[in-house]
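A.B. asks: predicted model, plus sequence, below.
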Amino acid sequence: MTLMLQPPADETPGGAPDPGSAAEVLAARLRRLISQQRLRPGERIGSERGLAEQLEVPRSLLRQALQHLESEHLVRRSLGRTGGVFADDGKIQRHLNTVQGVPDMVRQQGYSVQTRVIRAVLSTPFPEEQRALQLQEDSAVYRIVRLRLAGGVTWSLDTSVLPARRYPGLLSQDLTGSLYLLLTSRYGLSVDRAEETVEATSSDTEQSRTLGIPEGSGLLEVHRVTFDPDDAPAEYAHDFFRADRTRIHTQKVGTNWMRTRRG
């Protein structure tokens, strides 16, 4: 989407503002744009070059103004072919109907990401894990619990349960990156699809302590089962995302998407 912006005629009475206030004046113009256009978080405002040309300002000045708005969580910038300047509200968009790893998902939205491994053990599956992974009662699983931080602030508490037989030696690997990338590169996993359910809940004492939030804070609880091309379950996940930092995004595909892909 390209927004047609008109340079204002009277925003700087008495001539051009001094360099110290020019960025603030431009930031005010962009705030009004976001408000007047009723831009939703995630909507693209434009590229830096395009905005600078339409506003008739140097890109260096535009970047200063955008830094003001980024500190207020009104915009975010991202690089790459699909990058640009986007309306924002400080929340991270959690995509559904995708098998993209969380680190890539977060970085594409302009945030740094850190992962802390809280627990990684060999265990027996709980009944719901056994059913989801289609395992026998005596099967062993890896249970990996990790804390995700986005932009230096806690975002999610993730638990991944994986069949131990399928991923030998997994606990000796670096588990602070993308788990899907690790399973793909080292174990040859090809992820075909994921089924997810999301519901609202509130944090208990342990979750609150780990995430650094008040007890009873809003969380989004996500159950996910990931499948390979043979329709065999490859991972069961049970994640909790801070509701105050998360927006759920999903994309509807055609009714024949599975038939098309497998045809």
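C.D. replies: Everything's here; your move. As the structure is a prediction and not an experimental result, all values here were calculated from the model.
A.B. asks: give the contact list for the closest residue to L211 other than its chain neighbours.
C.D. replies: Of all residues beyond its chain neighbours, the one nearest L211 is T154 (4.6 Å), with distances taken as CB to CB, 6 or more residues apart in numbering. Where C-beta positions appear, they are placed from N, C-alpha and C, glycine not excepted. Counting by CB atoms under 8 Å, 6 or more residues apart in numbering, T154 makes contact with 147-148, 210-213, 242.
A.B. asks: dump the residues you listed to JSON lines, plus neighbour count.
C.D. replies: Output for the contacts of T154, formatted as JSON lines (neighbours: other CB atoms under 10 Å):
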{"residue": "L147", "neighbour count": "17"}
{"residue": "R148", "neighbour count": "21"}
{"residue": "T210", "neighbour count": "16"}
{"residue": "L211", "neighbour count": "23"}
{"residue": "G212", "neighbour count": "12"}
{"residue": "I213", "neighbour count": "18"}
{"residue": "R242", "neighbour count": "24"}
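A.B. asks: nearest to R59, of the residues you listed?
C.D. replies: R148 (33.3 Å; CB to CB).
A.B. asks: so where do the strands sit in the stretch 51-200 of the chain?
C.D. replies: Under the criterion DSSP state E, counting those that start in this stretch, strands of the stretch 51-200 of the chain are mapped to 75-78, 84-87, 92-95, 113-123, 141-150, 153-163, 193-202.
A.B. asks: per-residue confidence for the residue nearest in space to the middle of the chain?
C.D. replies: The residue lying closest to the centre of the chain (CA atoms, centre = their mean) is V106, at 4.0 Å. We have a pLDDT of 73 for V106.
A.B. asks: any weak-confidence spans in the stretch 51-200 of the chain?
C.D. replies: Low-confidence segments of the stretch 51-200 of the chain, defined by pLDDT under 70: 80-82, 95-101, 108, 110.
A.B. asks: helix or strand: which one has V25?
C.D. replies: Taking DSSP states H and E as the definition, one finds V25 inside helix 19-36.
A.B. asks: what is the neighbour count of S185?
C.D. replies: 10 (other CB atoms under 10 Å).
A.B. asks: if we can go back for a sec, which of the contacts of T154 sit farthest apart?
C.D. replies: The most distant members of these, if one measures by CB to CB, are R148 and I213, lying 13.7 Å apart.
A.B. asks: of the contacts of T154, closest to L171?
C.D. replies: Using CB to CB, the contacts of T154 come closest to L171 at L147, 17.4 Å.
A.B. asks: how about the contacts made by the closest one?
C.D. replies: 115-116, 118, 154, 156-158, 210-211.
A.B. asks: and stretch 216-229, which residues are buried?
C.D. replies: Of the residues in stretch 216-229, those with enough neighbours to count as buried (16 or more other CB atoms under 10 Å) are 219-220, 222, 224-228.
A.B. asks: next one: stretch 195-213
C.D. replies: 196, 198, 203, 207-208, 210-211, 213.
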